[in-house]
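Undergrad: what follows is a predicted protein model with its sequence.
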Amino acid sequence: MNSHDLHMHDVAHDGSQPPTIPLHNPIHPSVVDRLDPAFVKLYDAYIANGPPMSTDLNVVRHNYSALYSYATAAATGVGGIGETQVPGWDKYPGDISVRVYVPPGEEPGQRKVWPVHFNFHGGGWAVGDLETDAHICHHICASVPCCVIDVEYRLIPEYPFPIGIMDGLSAVAHILTNHKTFCIDANNITFGGESSGATIALILNHLYRDAGFSDRLKGVIVGTPTISDVRKYATPEMSPWPSMREAEFAPLLNWEKLKWFDTFKWISLSSLHPGTKPKEQKRDISWFADAMNAPDFTKLAPLTYLATAEVDPLRDEAEAYARKVEEAGNKIVTRRFKGVPHPFMHMDGVLPQGREYVQDVISHVRQCLYPPQQPPTTTPPET
């Protein structure tokens, strides 16, 4: 469905306006005027008369990666796709799945060595899988000559937070150590993702610098990350971020849903796993529950691109994090997409903002992995 289809949806075949049908779940009046009319039409056509979000986590997981399939741009053009397993965080032994997208351009039976972009999907730490960002991974791989590896980290509450962050750390470390098997250039990598996946990418930026591998990481390209610890605030009014109040009733991600997802984060600390205790689990969280508390913002990746959505409760905290990155002397590009809610990048088949975000990601991944060659400096001849 495109913008023309959305327009035609509102006009009867004889040219008259169809009768108005009351919507079961209309967009809240406090935000409707700040949303792009194209999104409002999309929402009214596909979401407003559907069932409200389930509070059954298994139901949410089952439907999550197909939620916006009606608005996702089809993606083709990769050279191949495969899946394998790599070790997750050794504190909770077990393998996790990764999906490997290989760009076109290889001769049959031969493998090139590609730069690599690692993607981490969103889903509030509790939902999401290898289908969540599949279209974005396709677009990157088809447009940039690089391998794209999507990491399916384990989820809360079955595993204690920060399982997603530490699984991501372990998966990347394993893949880089075995770079010949994956046919990738371990010294030319980028991180990316959306929502909680964006948070993983941002935190790994700090952790890889601390581990002495910052020279390998060429950029972090993310959208709509969750930064602060929402547990600290009982109401939106208590939050220091104006966007929490402005977008309290935003469509698709609002205050109520944020608190619902956050509950699973803290419930996860009661998960029973051999050899772990609650106090130890709390120590493992470190500063990860609020990335603004990272102890050191200096010497991060050469470029960070961070996108936010105007009608997203998480907007202001993400932009505040970006300012800390910049104030510490790092190069950062920020962009706020007007008139859209939190998951707008999954509606790139209909919303121009979604298409522009995907093109931004492609452009910055390419820029980081294939920086323009500087012309050689020549010394003018002496006269």
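TA: Ah, there it is.
Undergrad: got the phi and psi for residue 220?
TA: Backbone torsions of residue 220, given as degrees, to the nearest 10, read phi -130, psi 120.
Undergrad: now do the SS call for residue 115.
TA: strand (DSSP: H, G, I helix; E, B strand; the rest coil).
Undergrad: run a quick neighbour tally on it.
TA: By other CB atoms under 10 Å, the residues close to residue 115 number 22. From N, CA and C alone the C-beta is placed, and that goes for glycine too.
Undergrad: I'd guessed it sits against residue 182; true?
TA: No. Using CB atoms under 8 Å, residue 115 makes no contact with residue 182, being 11.7 Å away.
Undergrad: now do the shared contacts for the two.
TA: Residues touching both residue 115 and residue 182 by CB atoms under 8 Å, 6 or more residues apart in numbering: residue 147.
Undergrad: list the contacts for the closest residue to residue 94 other than its chain neighbours?
TA: In space, and not counting its chain neighbours, residue 94 is closest to residue 88: 5.3 Å by CB to CB, 6 or more residues apart in numbering. Residue 88 sits next to 94-96, 153-154, 163, 166-167, 170-171 when contact means CB under 8 Å, 6+ apart.
Undergrad: TSV please, covering these and showing distance to residue 329.
TA: TSV is the format used below for the contacts of residue 88 (distance: CB to CB, whole Å):
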residue	distance to residue 329
94	39
95	39
96	34
153	30
154	35
163	32
166	28
167	30
170	29
171	29
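Undergrad: mind listing the helices for the protein?
TA: Taking DSSP state H as the criterion, the chain contains helices spanning 3-9, 29-32, 37-46, 57-64, 134-143, 163-177, 179-182, 196-210, 242-246, 255-267, 278-285, 315-327, 352-369.
Undergrad: export the third one as CSV, just CAs?
TA: As requested, the backbone C-alpha atoms of helix 37-46 are provided in CSV (Å, rounded to 0.1, in the frame of the first residue of the first chain):
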residue,chain,number,x,y,z
PRO,A,37,-1.6,13.0,7.9
ALA,A,38,-0.1,10.1,5.9
PHE,A,39,0.6,8.3,9.2
VAL,A,40,-2.9,9.1,10.5
LYS,A,41,-4.5,7.6,7.4
LEU,A,42,-2.3,4.5,7.7
TYR,A,43,-3.2,4.1,11.3
ASP,A,44,-6.9,4.6,10.7
ALA,A,45,-6.9,2.1,7.8
TYR,A,46,-5.0,-0.7,9.5
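Undergrad: list the buried residues of it.
TA: Applying a neighbour-count criterion of 16 or more other CB atoms under 10 Å, one finds 38-46 buried in helix 37-46.
Undergrad: can you check the fourth one too?
TA: Buried positions in helix 57-64, judged by neighbour count with 16+ other CB under 10 Å: 57, 60-61, 64.
Undergrad: output the below-cut-off pLDDT ranges for the stretch 151-300 of the chain.
TA: Within the stretch 151-300 of the chain, the stretches with pLDDT under 70 are 271-272, 274-275.
Undergrad: for residue 155, grab the count of nearby residues.
TA: Neighbourhood size, residue 155 [other CB under 10 Å]: 22.
Undergrad: how about residue 319?
TA: Applying other CB under 10 Å, we find 16 residues neighbouring residue 319.
Undergrad: identify the residues contacting it.
TA: Residue 319 makes contact with 306, 308, 334, 336 under the criterion CB under 8 Å, 6+ apart.
Undergrad: can you flag the buried ones in the residues you listed?
TA: 306, 308, 334.
Undergrad: let me see the contact set for the second one.
TA: By CB under 8 Å, 6+ apart, the contact set of residue 308 is 223-224, 314-315, 318-319, 334-337.
Undergrad: repeat the analysis, applying 7 Å as the threshold.
TA: Residue 308 makes contact with 224, 315, 318-319, 336, according to CB atoms under 7 Å, 6 or more residues apart in numbering.
Undergrad: thanks a lot, catch you later.
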